[in-house]
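> The following comprises the amino acid sequence and a computationally predicted model.
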Amino acid sequence: MIAQNHAAGRSSHQNIKPPSSYESARDVARALTQTTAYQQSRHERKKVEMLFAHLKRILRFDRLRLRGLTGANDEFILAATAQNLRRLAKLCGQPPPEDRRVVPA
């Protein structure tokens, strides 16, 4: 197979590209990903993105039906309120954790 590649004028090795001129910026970005502040920010962003995904998929918030900025704002607030009520209902339906229960004396 190597002989076929050489016969066709192709090298059997991949072309190695020289380092990019942006490599120093990439190194800075890689270093930032190792900080605790970045890890916390990433964790919080994931929570927010999951909420938006839930709005889109479960509550079918794929397009705005009301016109204008105030209509869009009202519709988003209504969808967020519905989502919060669902979360509240789910939390209220669960028994409290064992260590927080008050034992009558």
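That came through fine.

> Show the average pLDDT along the longest helix seen in the chain.
Determined from DSSP state H, the single longest helix within the chain is helix 68-92. Mean pLDDT, helix 68-92: 90.

> and it, how far from the chain's centre?
Its chain's C-alpha centre and that of helix 68-92 lie 20 Å apart, by Cα atoms, centre = their mean, to the nearest Å.

> helices and strands around it, which ones?
helix 36-57 (3 or more Cβ pairs under 8 Å, 6 or more residues apart in numbering; DSSP states H and E). C-beta coordinates here come from the backbone N, C-alpha and C atoms, glycine included.

> So what touches the helix it packs on?
With contacts defined as Cβ atoms under 8 Å, 6 or more residues apart in numbering, helix 36-57 is touched by 32, 61-62, 79-80, 83.

> Mind doing that once more with 10 Å?
29, 31-33, 35, 61-63, 76, 79-80, 82-84, 86-87 (Cβ atoms under 10 Å, 6 or more residues apart in numbering).

> What residues sit buried inside stretch 51-62?
55, 61 (16 or more other Cβ atoms under 10 Å).

> Can you pull up the most central residue in this protein?
The structure's the chain has its C-alpha centroid closest to K46; by Cα atoms, centre = their mean the separation is 4.0 Å.

> From S21, how far out is that one?
32 Å (Cβ to Cβ, to the nearest Å).

> How about A82?
In terms of Cβ to Cβ, A82 sits 49 Å off from S21.

> Of the two, which one has the most company?
Neighbours of A82 and S21, each counted by other Cβ atoms under 10 Å, are more numerous for A82; the result is 14 against 7.

> who's in contact with that one?
A82 sits next to 55, 58-59, 61 when contact means Cβ under 10 Å, 6+ apart.

> For F61, give me phi and psi.
phi -90, psi 60 (degrees, to the nearest 10).

> I misspoke; the intended subject was L66.
With angles defined as degrees, to the nearest 10, L66 sits at phi -100, psi 150.

> My guess is it contacts A72. True?
Yes. Here L66 reaches A72: they are 6.4 Å apart, a contact under Cβ atoms under 10 Å.

> Q40 versus L55, what's the distance?
The gap separating L55 from Q40 is 23 Å, by Cβ to Cβ.
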